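Asks: okay, structure incoming, though there's no sequence with it:
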């Protein structure tokens, strides 16, 4: 399964979710995208959208 983890800074229990996702990396692919960065360019956002569209599951942290 292809999982995208979006680091948004909006989820209060993000560390628990991140720990759970780390346990799945042996059987699933987990891509981490930090969208909190203030210096994201248009090409970065294009990559975020491409990752979301290719994912089987998107998790916000």
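Replies: The structure has been received and is ready for your questions. Model, not experiment: these values are computed from the prediction.

Asks: could I get the average pLDDT for stretch 42-55?
Replies: Mean per-residue pLDDT for stretch 42-55: 95.

Asks: any idea how far it is from the chain center?
Replies: Using Cα atoms, centre = their mean, to the nearest Å, the mean C-alpha position of stretch 42-55 is found 11 Å from that of the whole chain.

Asks: by contact count, what packs against the lengthiest helix in the chain?
Replies: Determined from DSSP state H, the single longest helix within the chain is helix 42-54. In terms of contacts (3 or more Cβ pairs under 8 Å, 6 or more residues apart in numbering; DSSP states H and E), helix 42-54 is packed against strand 2-7, strand 29-34. Bear in mind the C-beta positions are built from the backbone N, C-alpha and C, glycine included.

Asks: reformat the ones you listed as JSON lines; add mean neighbour count and mean pLDDT.
Replies: Below are those laid out as JSON lines (neighbours: other Cβ atoms under 10 Å; pLDDT from 0 to 100):
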{"stretch": "strand 2-7", "mean neighbour count": "18", "mean pLDDT": "94"}
{"stretch": "strand 29-34", "mean neighbour count": "15", "mean pLDDT": "91"}
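
Asks: what's the closest of these to residue 43?
Replies: strand 29-34 (13.3 Å; Cβ to Cβ).

Asks: partners of the closest one in the sheet?
Replies: strand 2-7 (parallel) (DSSP bridges).

Asks: what's in contact with the strand it pairs with?
Replies: 14, 17-18, 21, 24, 28-36, 48, 51-52, 54-61 (Cβ atoms under 8 Å, 6 or more residues apart in numbering).

Asks: relative to helix 42-54, how tilted is it?
Replies: Using axes from the mean of the first three to the mean of the last three Cα atoms, to 10 degrees, one finds that strand 2-7 and helix 42-54 are set 130 degrees apart in direction.

Asks: nearest to residue 40, of the helices and strands packed on helix 42-54?
Replies: strand 29-34 (8.9 Å).
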